[in-house]
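# Next one to model:
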Amino acid sequence: MPRNDLSARADSNRPVTRVHRLPQNTAVSIGASFEPAFEPAADLVVFEQPLNERMRTFLRLEFLYSQALYHSELPNSWSSRAAVGSLLEALAITARGDARGDVIKELEHHIKALHEFQAKPGVDPGRLRNVMSNLLRLRSELVGLGANYLLPLRDSEFLNAIKHRSAIPGGTCEFDLPDYSFWLSRDAEMRATSFNQWLQLLRPLCDGVLEILWVTRQNTRPKQELATGGIYQIAFERANPIQLLRIGLPVDSNLYPEISGSHHGCSLRFLSWPDISQRPVQAEHDVTFVLTCCT
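Purely as a prediction, here's the structure:
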């Protein structure tokens, strides 16, 4: 999960992992405005459920961006294929709506909220300034790009050929795309240079998404809850809409949550995973888990 050093985190090329310690909310406040936190288990597997379409888009972009960064650092051609595939999927997501506009709006929303938050007691002014500075920088970068910042990627004949052939099972093998195979056979450093030039066009948008998700995850403390008989119901307040639900379970619990609901409320059903050859079954015992409702 995101570290306290915002600048380093924004430029990190680490993959997103689902096994980690849930962070305590020390982003900008040490005051009593938050509910008391408990000490979570050392290792949790965290399941996230977006509760609106914008959050779904952001989580998908985070996943694809992290996957692209991970594979772009590996020298073999199979990782280069995976990195290009992640890039093209992220590009397809940006074509479905105004992703840049959505990210700018969310950045502005958080900037306004944090500006109002700085007057509250217990706030760490230095950390708050760092967060605000990063949000302002990312917003400025996105505004300065203009609406057609991804046009070079969308107009690339090379990338378009890969995208079209990717819809066919096995459609990007060497006899279908000899130019792609030639590029994959080139030196790893040359491939990395080409790929970074493509990814650089998406980077401001994706860095903005990572920052928004970090702030969203940090603004609420996790709480320990009990699902009686493996079932838990959550009712949301209309005045304080939830954007993201996070469920943490011990790595060795052999359980995962099935989440259904909307912005009004959610229902959690914890399922036991026997093995890959059997159907999961609902847990009948009480389940202790970590719940974070991110506003």
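
# all contacts plus neighbour counts: C-alpha atoms, from now on.
OK.

# So which elements touch the top helix by length along the chain?
The longest helix of the chain (DSSP state H) is helix 188-218. Under the contact criterion of 3 or more Cα pairs under 8 Å, 6 or more residues apart in numbering; DSSP states H and E, helix 188-218 touches helix 6-10, helix 53-72, helix 77-94, helix 99-117, helix 125-145, strand 287-294.

# Could I get the buried residue list for that helix?
For helix 188-218, the neighbour count (16 or more other Cα atoms under 10 Å) marks 188, 191-192, 195, 198-199, 201-218 as buried.

# Could you do stretch 60-75 as well?
So, applying 16+ other Cα under 10 Å, buried residues of stretch 60-75: 61-73.

# would you turn the residues you listed into a markdown table with distance to Ile93 and pLDDT?
Formatted as a markdown table, the buried residues of stretch 60-75 follow (distance: Cα to Cα, whole Å; pLDDT from 0 to 100):
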| residue | distance to Ile93 | pLDDT |
| --- | --- | --- |
| Leu61 | 8 | 97 |
| Glu62 | 11 | 97 |
| Phe63 | 12 | 97 |
| Leu64 | 10 | 97 |
| Tyr65 | 12 | 96 |
| Ser66 | 15 | 96 |
| Gln67 | 15 | 96 |
| Ala68 | 14 | 96 |
| Leu69 | 17 | 95 |
| Tyr70 | 19 | 96 |
| His71 | 19 | 96 |
| Ser72 | 20 | 94 |
| Glu73 | 23 | 93 |
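
# now, among those, which is nearest to Leu159?
Nearest to Leu159, judged by Cα to Cα, of these is Ala68 at 14.9 Å.

# From Trp273, how far out is that closest one?
Separation of Ala68 from Trp273 (Cα to Cα, to the nearest Å): 30 Å.

# quick one on the thing from earlier: list the neighbouring strands of the next helix or strand after the longest helix of the chain plus their orientation.
Using DSSP states H and E, the helix or strand that follows helix 188-218 in sequence is strand 223-227. Here strand 223-227 has these sheet partners by DSSP bridges: strand 287-294 (antiparallel).

# tell me the angle the partner strand makes with helix 188-218.
Taking axes from the mean of the first three to the mean of the last three Cα atoms, to 10 degrees, one finds strand 287-294 and helix 188-218 inclined to each other by 100 degrees.

# hey, C-alpha coordinates of strand 287-294 in CSV?
Extracted C-alpha coordinates of strand 287-294, given in CSV (Å, rounded to 0.1, in the frame of the first residue of the first chain):
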residue,chain,number,x,y,z
VAL,A,287,-16.0,-14.2,11.1
THR,A,288,-13.8,-11.4,12.4
PHE,A,289,-12.6,-9.1,9.7
VAL,A,290,-11.3,-5.6,9.1
LEU,A,291,-13.7,-3.1,7.5
THR,A,292,-12.8,0.2,6.0
CYS,A,293,-15.5,2.4,4.4
CYS,A,294,-13.7,5.0,2.3
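
# Let's verify Gly248: helix, strand, or coil?
strand (DSSP: H, G, I helix; E, B strand; the rest coil).

# so it touches Val287, yeah?
No. Applying Cα atoms under 8 Å as the test, Gly248 and Val287 come out as separate, 11.2 Å apart.

# So between these two, which is more surrounded?
Gly248 (28 against 19; other Cα atoms under 10 Å).

# which ones are touching the more buried one?
By Cα atoms under 8 Å, 6 or more residues apart in numbering, the contact list for Gly248 reads 22, 44-47, 289-291.

# Out of those, who's the most crowded?
Going by other Cα under 10 Å, Leu22 tops those with 25 neighbours.

# per-residue pLDDT, that residue?
At Leu22, the pLDDT value in this model is 29.

# next one: Gly229
93.

# picking up where we left off before, in TSV: the helices and strands packed on helix 188-218, plus distance to Asp252.
Compiled in TSV, the helices and strands packed on helix 188-218 are given as follows (distance: least, Cα to Cα, whole Å):
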stretch	distance to Asp252
helix 6-10	28
helix 53-72	24
helix 77-94	30
helix 99-117	36
helix 125-145	35
strand 287-294	12
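
# Among these, single out whichever gets nearest to Trp183.
When the helices and strands packed on helix 188-218 are ranked by proximity to Trp183 (Cα to Cα), helix 77-94 comes first, at 9.2 Å.
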